[in-house]
Structure formats: C-alpha cells, structure tokens
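A.B. asks: Based on what follows, work out the 3D shape:
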Amino acid sequence: MTAQDEGSGGLSARQWKSGAAAWLGWLFDGLELHLYTLVATPLVVHLLGAASGADPAVKEKSAYIQAAFLVGWALGGAFFGRLGDRIGRSHALSLTILTYALCTGLCAASQTWWQLMIFRFLAALGIGGEWAVGASLLAETWPKSWRPWLAAGLQTAVNLGILVAAGLVTLLSFLPHPPSERWVFLIGVAPALLVFWIRAQVPEPEAWTRAESASAKRPGIRDLFRGEVGPVTLNTSIVCALSLSGWWLFQFWHPQHLRHLLELSGATPAAATRSVSVAFFWLNAVAIAGNFAAGWLARLVGNRRAMAVMFGGMFLAMAGGFGVPRGFTELAWFWMPLVGFFSGVFGLFTMYLPPLFPTLLRTTGAGFCYNIGRLAAAAASLVFGLFAPVGDYRSALLSASLLVLASAAWTIRLPADA
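C.D. replies: The predicted model follows:
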C-alpha cells in the first residue's frame, strides 16, 4: 500500500520525517524571504550613503534588488525543480536549503547595493527551488486526504518564519545602539544545519523511485507543452503570474507605504522600523488563520473554487485598504491583516500543483508554473520602482489589486484536483 492509498490515520515514521523536512524548509523560507523586506529602506539608504528613504535612488535600487531576488527565485524554482525530477526530492531539497542559507549569510558582507543584489539573487535560487521540491516530496509521501491540511501547515510554516524575522528585527530596534540592518542576514545561516538531518533521515519517495526505475525515457521540458499537459501548464502559469504579481507588489511595497506614513507623522527611523515590524507581525499572525480557512474551504468545494473565493476576498481587502487614503492605524490593524487572511490561498498551490503533472515532470511542472508568476512579479516590481512617483505607494498597491481580481476570474480555467 502506498502513501497515496492510505487513510488519514496510521502515518508512518517515513511520512512524518518527510513532513518535518518540508515544514522546516518552509519555515526558513519565510525567514529568509522577509529579512530584506523589513529592512530594505534603511539598509539601501546606508549602502548608498543617501540622506533618507525619500531619495529617488533608494527606491530605484530597492526595486532592482527586489526584482533580482524574484528572478533568482524563479530561476531557482525551474533549475532545482528539474533537478528534483532527475536526482530525487530529498537530494535536491538538501541542495536548495544549503544554497539559500549560505547566500543569505553573505548578504551581511555587502558593501554596495549591487553586492547585496547579487547575494539576494543567489539566495533566491535556493528559496525558489525549495518550494517545488518540497511540495512534490509531500504530494508523493502523504495521503491525498491530508493535502488541504498539509497545504495549510506548510503555508503556516512560512508565516511563522516571517514572524520570527519580524520579531528579531523588532528586538534589534529596541537596543540602545541598534546594529546595522545588514547583520540580520547572519540569522539566515542557521538552516544550513538542517541539511545534515535531511540527508540522514529523509529517503526518496517510493513514487519517484518506481517511476525512475520503470522509465525507459525521461520526459523533457518540452513535454510540459504537449498533449494533455500543455493546457494545464498554460492556465496554471497564467493564474500564478497574475496572483503572485499582485501579492508581491503588496508584500514588498506595503511596508514601505506604512514607513512613509510614519515618517510623514514625524516618527524616527528606529520607531518606524519597530512599528512596521509589529504591523508585519500582526498581518502574518492573521494569515495563519487564513491558511486553515483556505484548507477547510478546499475540502468543501475543491481547490479550484476555494482559490477563486480567496482571490476575490483578497481583491476586496486590497481595494478597501488602498482605494482611499487611510492612516497607519487602520491600515496596519485592519485592512492589511485582512489581505493577509486571504493570502492563505497560496498555501493551496503547494498541494494542488504537483499532482497535476506526471511523476517525472512533477517538480519541473510545479516549479515552472509557479515561477512564471515570480518572473511576472519581478517585472511588476521593477516597473513600479522605476516609474511610480516617490512615495506614491497607495496608487500602485491599488493597481496590484486588479491583478488579484484577474487571477480570481482565470481560476475557472484550471483543471479539477488530481
């Protein structure tokens, strides 16, 4: 009896180990992802020697760094996704974690903005790869009936990692002489230790081992665009591109919008960092509830309908928050956490995408579709950073909500759960 055939009870030690490996990988993903987001403005100000975050060069270089990160995330997902189909899930997962841990630590050594951009790009290769590989590992080792809760649990791990990042940045801001923002990146080296445990304790899934042994010819990347798989690749890529562009514009620029509002009210840089970190903490705490709400909804109506509902809710929350000028308090304590609640939709992709593809194309297909979205998000970040007026974050964030609305409409073209 395979993991796919088992019921919801009697999980094996092997399944728990694969689950723990993926969950910890997601936890550190969240930590690595948002260390930079929380300290972007003051760090780039420091590296450029600028007077303040109002300098147009700060916004421009921040956009370059964020775009490079998202491009690296996409390329890493494609590269390690393909590697996961060729050398196995456990082996590839170890390599992704080692890559993002070591390269995040290197960010602390940055002396110029372009050095930081390069190190963020390299770290993103591993972060992007971890998603596709870890998702396929669980899809092949855990029972199908567990998928909605696995999706919620993995997305919650990301949120907890973000909360850890926000908490650490907040604690640093309380110090009498806060260290340079660059040193928070040293925290990112810790996940490298996880690699040793994965290599010793997490075997390759039976599904991949059987497919590898039985296959006379490995499917290639071109097979993603042929036959019945072609429309699946196209439609899931479009939904990922639209939704992730909207979400990442929100994720990166809403802390800058909050910081801008605080600076206009006369807050010091340290106080602004502290308040933004607390707001970010609250948003992601609420998002954990959204993860399980999305999982519960998926069990009732299926992934496709659940995604449409959650994307619709996210659009309404973003439009409500940025449709008119609002102050820091109402944004930070109501509207932005409401967006965070509906971000639980992204957890559904974790268990929904991999099974749509054949076993030896599973990490390749999931990685390709999801990372097309990251490339689109990189382009959106760059366009906004270059052409949006300095400080006019609200208009761009409102525009981002339309991308989320479009993704809600396009979900009707997605295939039913595999």
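
A.B. asks: what number of residues lie near residue 330?
C.D. replies: As a burial measure, residue 330 scores 11 neighbours (other C-beta atoms under 10 Å). The way it works is simple: take the backbone N, C-alpha and C, and place the C-beta from them, glycine included.

A.B. asks: Please enumerate residues in contact with the helix or strand hosting it?
C.D. replies: Using DSSP states H and E, the element containing residue 330 is helix 328-330. Residues from elsewhere that reach helix 328-330 (C-beta atoms under 8 Å, 6 or more residues apart in numbering): 258, 261, 262, 265, 275, 279.

A.B. asks: please redo it, this time with the cut-off set to 10 Å
C.D. replies: 257-262, 264-265, 267, 272, 275-276, 279, 321, 336 (C-beta atoms under 10 Å, 6 or more residues apart in numbering).

A.B. asks: Quickly check those for the two that are furthest apart.
C.D. replies: Distances among those were taken as C-beta to C-beta; the most separated pair is 267 and 321, at 20.2 Å.

A.B. asks: any low-confidence regions in this structure?
C.D. replies: Within the chain, the segments meeting pLDDT under 70 span 1-10, 53, 173, 176-181, 214-217, 381-392, 418.

A.B. asks: Does residue 169 touch residue 275 like I think?
C.D. replies: No - using C-beta atoms under 10 Å, residue 169 makes no contact with residue 275, being 11.4 Å away.

A.B. asks: So for the two, which sits in the more crowded spot?
C.D. replies: Higher neighbour count among residue 169 and residue 275: residue 169, with 25 against 20, using other C-beta under 10 Å.

A.B. asks: Drop anything exposed from the contacts of helix 328-330.
C.D. replies: Buried members of those, scored by 16 or more other C-beta atoms under 10 Å, are 257-262, 267, 272, 275-276, 279, 321, 336.

A.B. asks: Return the member of those residues nearest to residue 77.
C.D. replies: residue 336 (26.8 Å).

A.B. asks: residues contacting that closest one?
C.D. replies: Remark: with contacts taken as C-beta under 10 Å, 6+ apart, residue 336 is in contact with 250, 254-255, 257-258, 279-280, 282-283, 286, 317-318, 321-322, 326, 330, 397.

A.B. asks: Next: residue 152.
C.D. replies: Contacts of residue 152 by C-beta under 10 Å, 6+ apart are 288-296, 298, 344, 347-348, 350-351.

A.B. asks: Now with 7 Å, please.
C.D. replies: The contact partners of residue 152, by C-beta atoms under 7 Å, 6 or more residues apart in numbering, come to 291, 292, 294, 295, 347.

A.B. asks: Report the separation between the fourth one and residue 147.
C.D. replies: In this structure, residue 295 and residue 147 are 9 Å apart, going by C-beta to C-beta, to the nearest Å.

A.B. asks: ok so, going back, narrow the contacts of residue 152 to those in helices?
C.D. replies: 291, 292, 294, 295, 347 (DSSP state H).

A.B. asks: Buried ones in the host helix or strand of residue 231, by neighbour count?
C.D. replies: Per DSSP H and E, residue 231 falls inside helix 229-264. By 16+ other C-beta under 10 Å, the buried positions in helix 229-264 come out as 229, 232-233, 235-263.

A.B. asks: what does stretch 288-308 give?
C.D. replies: 288-295, 297-298, 303-308.

A.B. asks: Show me which of these is closest to residue 38.
C.D. replies: Lowest distance from residue 38 to the buried residues of stretch 288-308 (C-beta to C-beta) belongs to residue 288, with 18.2 Å.

A.B. asks: dump the residue contacts of that closest one.
C.D. replies: For residue 288, the contact set (C-beta under 7 Å, 6+ apart) comprises 156, 159.

A.B. asks: what helix or strand is it on?
C.D. replies: In this structure, residue 288 sits in helix 269-301 according to DSSP H and E.

A.B. asks: Over to residue 351?
C.D. replies: helix 345-352.

A.B. asks: Quick check: next helix or strand after that helix?
C.D. replies: That would be, after helix 345-352 and using DSSP H and E, helix 362-387.

A.B. asks: Which secondary structure elements does that following helix sit against?
C.D. replies: helix 56-87, helix 113-141, helix 229-264 (3 or more C-beta pairs under 7 Å, 6 or more residues apart in numbering; DSSP states H and E).

A.B. asks: switch the cut-off to 8 Å
C.D. replies: helix 56-87, helix 113-141, helix 229-264, helix 393-410 (3 or more C-beta pairs under 8 Å, 6 or more residues apart in numbering; DSSP states H and E).

A.B. asks: what angle sits between that helix and helix 113-141?
C.D. replies: Helix 362-387 and helix 113-141 are oriented at 150 degrees to each other (axes from the mean of the first three to the mean of the last three C-alpha atoms, to 10 degrees).

A.B. asks: Any idea how far helix 362-387 is from the middle of the chain?
C.D. replies: Offset of helix 362-387 from its chain centre (C-alpha atoms, centre = their mean, to the nearest Å): 11 Å.
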